[in-house]
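> sequence-free structure coming up:
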């Protein structure tokens, strides 16, 4: 599938706190024209953080959502590189630093929205500071073994869409599973 | 996870062709307030249509997206019931009618958007008319056997997020696979 892009002639018709709305005149198959619409939001990063022989996962409460299973991460600030955002978020949210990393995949979860999720694997994370949460974050972290991680994050409890589906594909294929484990724990 | 809802005090700050934007003042954990934002779009229906011993799938071209693997379906019009939308869309797009159906699941794919996808299984579909495509649709349909369907729609080719993940979970569990097949083909 070719992912839809906001065309260069599109106009921003609304600028929101998170979401901007773009519109443009699209020529249809019969030559007629229609106003098309797409959204744009800041890209985000997610970090699968490895500490020793465990994977750090989080359950997050936000002011209007409870117990959301996920990963450390957050928005990429304007002008910031995704890797810099990943390093900033993991330090703010968990007080961790890392130098051994891999960009696992870039997800584009929603067809009518310009939004990329940069999904990083950060190996050998080390504690460097105390976490600093902002006023909208309550994060409970949990370290899981590889097997438990795969089980929980490929279950219906994790509403992670495309990453959840990727984990399921990894589970279905012994070779993929072995390679994925090696990616997370290269020296074990 | 508790799905986020647009609270009743939220104001619609933008009305788009597809997407409306809502904002409200949210009390944070520390008592401070921030402007929160969510989107609303029309709900949609998707129909897994059974014809004889096959499943009808589609590859769709839209004016700005090619070869999108999916299902018959479309938007629920204002005031329309989801089932009525499913019946209208399958008739418009494929000239099919059905009377034996099941609501497989309601997906809410995007946390910050009020958007439900009603996913129907329509058994024993019959041809009743010629398809009528609108100016923005080019649909190639393909009838797949159950095994081929499961294989393709649980692969990375189908970017179906949560339904893709559900199919993978069905593939991983022999009992679920048997039950799902029975759901589609109760009399085979």
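Good, I have the coordinates. Just so it is clear, the model here is predicted, and its values are computed rather than measured. Numbers count the residues shown, from 1 in each chain, chains lettered A, B, ... in the order given.

> So residue A:179 versus chain B, what's the distance?
Using C-beta to the nearest C-beta, to the nearest Å, one obtains 16 Å as the distance from residue A:179 to chain B. Every C-beta, even on glycine, is put in place using the N, C-alpha and C of the backbone.

> Helix, strand, or coil at that residue?
Under DSSP: H, G, I helix; E, B strand; the rest coil, residue A:179 falls in the helix class.

> burial of it, as a residue count?
Using other C-beta atoms under 10 Å in any protein chain shown, residue A:179 has 11 neighbouring residues.

> so, in contact with chain B or not, stretch A:149-161?
Yes - using C-beta under 8 Å from any C-beta of the partner chain, we find that stretch A:149-161 touches chain B at A:154, A:155, A:156, A:157, A:159, A:161.

> no no, stretch A:112-131
Yes - using C-beta under 8 Å from any C-beta, stretch A:112-131 comes into contact with chain B via residue A:112.

> distance between the ends of that stretch?
The first residue of stretch A:112-131 is 35 Å away from its last residue (C-alpha to C-alpha, to the nearest Å).

> same check, this time on stretch A:153-161
The first and last residues of stretch A:153-161 sit 10 Å apart, counting by C-alpha to C-alpha.

> same check, this time on stretch A:25-35
The first residue of stretch A:25-35 is 5 Å away from its last residue (C-alpha to C-alpha).

> Quick check: buried residues in that stretch?
Neighbour-count burial for stretch A:25-35, with 16 or more other C-beta atoms under 10 Å in any protein chain shown as criterion, is recorded at residue A:26.

> quick one: average pLDDT of that stretch?
Taken as a whole, stretch A:25-35 has a mean pLDDT of 89.

> What residues are bridge-paired with the closest residue to residue A:93 other than its chain neighbours?
Of all residues not flanking residue A:93 in the chain, residue A:72 sits nearest, at 5.0 Å (C-beta to C-beta, 6 or more residues apart in numbering or on different chains). According to DSSP bridges, the partner residues bridging residue A:72 are residue A:47.

> re the thing from before, most neighbours among the residues of stretch A:149-161 next to chain B, which one?
With neighbours taken as other C-beta under 10 Å, the top of those is residue A:154, carrying 24 neighbours.

> Identify the spatial nearest neighbour of that residue, chain neighbours not counted.
Closest residue in space to residue A:154, ignoring its immediate chain neighbours: residue A:167 at 4.3 Å, by C-beta to C-beta, 6+ apart.
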